[in-house]
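Trainee: Just a sequence and a predicted model for now, questions to come.
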Amino acid sequence: MQYLSFFLLGIGILWGTISESLAQEFRKWTSGEKTAVGKVDSLLEDGKVVRIELKSGKFTRIDREELSEKDQKYLKQWEKKKSAKKPSPKTTGKKKKKGEKEVPEEVVDTRTFEERETERVQHFRETGVWRWPEVREEDVAAILEKQKAFIQSIQNSFSSRGLKIYESEHFFFVSDCPPMIAHECTKYLELAYQELCKIFSLTEAKTVWHGKCPVIAFVNEMDYRQYEGDSTSAGLCHMSGEGEVYVTTFFGDMSRVEKRWNFIQVMVHEMVHGFVWRYKARGNPPTWLNEGIAEFVSAYVVKPARSVANKVQQGKVRMQQTHSVGGLMQLPRLEAWQYGAACSLVAFLLQQKPAGIGEMLEEIKEGAEWENALQKVYQCNANQLLFAFGRTMGIPNLQP
């Protein structure tokens, strides 16, 4: 997924992508007696399900076989155009035609698990970089059972709340909220996971998690405070040195639609931190980059929520007033408006080079200082980045 723009319009945000879906016109889709106006975002479940982006910014899924004949024809044309722009990852064995570019063979790792594990440990001894160990297929069941036992311990501690488990492909969503809302939450978690895989050039078939990612979502704020012993946070991502990740958060006032959307955005934000932690190797990027990625993805995926949009607007106003990001790139903790500035900065980096965020994070995970990773991937230093970023925001000579 390539990101084209991140522009502020009053107190709102206009998001754009250089993707096939952006170039499409919104059209009417027909499935039986139901209709929807939107454009294709992606195909899921081996092409059996069509994910449609609606004009509201929300997404809906439609079984392909239930679509009208006209829609089926349109989809075939969409797939043909999309596949035409994607070269095959390896040669087909056919004779190369005159003038045809050479396509490199796909590299297949033929080493055994033991050989890969030996190399991983040796890499750690030589560099101090702890790449996450590979999870063998035969070990997955035991890992999931351990996670379920952990969830059961929380259910037992809050037995009067009736916490239920809702399992999806990559998550255990655990909550005492109504089932309809629980399913909505798991949907957005999976959508965010898909978006992160695009940003970091990962295949969804190879899960990032050690097992799955449990998300514990209390309805009552006091239950969350009791569990965490925390009096201020809206959500937390727990990350262990062994690679386990789980998220805790709370709904608060579920009667207000705005509050529910903001909750989902917070939930996705915290999950992104876990994804970044689990990407490639142990370790995290600098705070501005970590928080910027979490804010960007949560806002991009959960479009109806306004909390990140408000912080982005606050960040722009503050930068215009001070011509500075207030030490953003060196701070271990950010002020509220700096979350918005970090979000805008990550959007700007994605605009310049869609794969750059993943490449930069990989360099950092392998032990590089973030300034060196920035220089290698984007060919600029921090001051040059802020100068170019400031110009797009209408803030000349933006200072660190």
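Mentor: Perfect, thanks for sending it. Numbering: from 1, shown residues only.
Trainee: Which secondary structure elements does the helix or strand in which residue 141 is found sit against?
Mentor: Counting by DSSP states H and E, the element that carries residue 141 is helix 137-157. The helices and strands touching helix 137-157, judged by 3 or more C-beta pairs under 8 Å, 6 or more residues apart in numbering; DSSP states H and E, are strand 171-175, strand 213-218. The C-beta positions use only the backbone N, C-alpha and C, and glycine is treated the same way.
Trainee: nearest to residue 253, of those?
Mentor: Across the helices and strands packed on helix 137-157, the minimum distance to residue 253, taken as C-beta to C-beta, is reached by strand 213-218, at 13.0 Å.
Trainee: Which of the residues in the following helix or strand past the closest one are classified as buried?
Mentor: Proceeding N to C from strand 213-218, the next assigned helix or strand is helix 221-228, under DSSP H and E. Neighbour counts over helix 221-228 (16 or more other C-beta atoms under 10 Å) mark 223-224, 227-228 as buried.
Trainee: can you give me phi and psi for the residue lying closest to residue 335 once chain neighbours are set aside?
Mentor: Sequence neighbours aside, residue 326 is the residue nearest to residue 335 in space, at 7.1 Å (criterion: C-beta to C-beta, 6 or more residues apart in numbering). When read as degrees, to the nearest 10, the backbone of residue 326 gives phi 60, psi 40.
Trainee: what's the helix or strand for residue 50?
Mentor: Going by DSSP H and E, residue 50 is in strand 49-54.
Trainee: Mind listing residues that contact the helix or strand that that strand is followed by?
Mentor: Next helix or strand after strand 49-54 toward the C-terminus (DSSP H and E): strand 59-63. For strand 59-63, contacts defined as C-beta atoms under 8 Å, 6 or more residues apart in numbering pick out 29, 31, 36, 38, 41, 44, 48-54, 191.
Trainee: Any of the residues you listed buried? List them.
Mentor: Neighbour-count burial (16+ other C-beta under 10 Å) applied to the contacts of strand 59-63 gives 29, 31, 38, 41, 50-54, 191.
Trainee: of the residues you listed, closest to residue 294?
Mentor: Closest approach between the buried ones among the contacts of strand 59-63 and residue 294, by C-beta to C-beta: residue 191, at 14.9 Å.
Trainee: so how far is residue 184 from the closest one?
Mentor: Distance, residue 191 to residue 184, using C-beta to C-beta, to the nearest Å: 11 Å.
Trainee: contacting residues for residue 359?
Mentor: The contact partners of residue 359, taken as C-beta under 8 Å, 6+ apart, are 353, 377.
Trainee: So it, which state does it fall into?
Mentor: helix (DSSP: H, G, I helix; E, B strand; the rest coil).
Trainee: mind checking how far it is from residue 373?
Mentor: In this structure, residue 359 and residue 373 are 8 Å apart, going by C-beta to C-beta.
Trainee: cool, and residue 36?
Mentor: Separation of residue 36 from residue 373 (C-beta to C-beta): 42 Å.
Trainee: and if you look at residue 394?
Mentor: Distance, residue 394 to residue 373, using C-beta to C-beta: 28 Å.
Trainee: more neighbours, the two?
Mentor: More neighbours surround residue 373 than the other of residue 394 and residue 373, with 23 against 10 (other C-beta atoms under 10 Å).
Trainee: Show me the helices in the stretch 151-300 of the chain, by range?
Mentor: All helices of the stretch 151-300 of the chain, identified by DSSP state H, counting those that start in this stretch, fall at 179-199, 221-228, 257-278, 287-301.
Trainee: could you dump the ones you listed to CSV with distance to residue 127 and mean pLDDT?
Mentor: Formatted as CSV, the helices of the stretch 151-300 of the chain follow (distance: least, C-beta to C-beta, whole Å; pLDDT from 0 to 100):
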stretch, distance to residue 127, mean pLDDT
helix 179-199, 25, 94
helix 221-228, 35, 95
helix 257-278, 19, 94
helix 287-301, 21, 96
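Trainee: Can I get those in CSV including distance to residue 110?
Mentor: As requested, those are exported to CSV (distance: least, C-beta to C-beta, whole Å):
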stretch, distance to residue 110
helix 179-199, 25
helix 221-228, 46
helix 257-278, 26
helix 287-301, 34
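Trainee: What distance do you get for residue 223 to residue 263?
Mentor: Taken as C-beta to C-beta, the span from residue 223 to residue 263 is 14 Å.
Trainee: Then residue 177?
Mentor: For residue 177 relative to residue 263 (C-beta to C-beta), the value is 9 Å.
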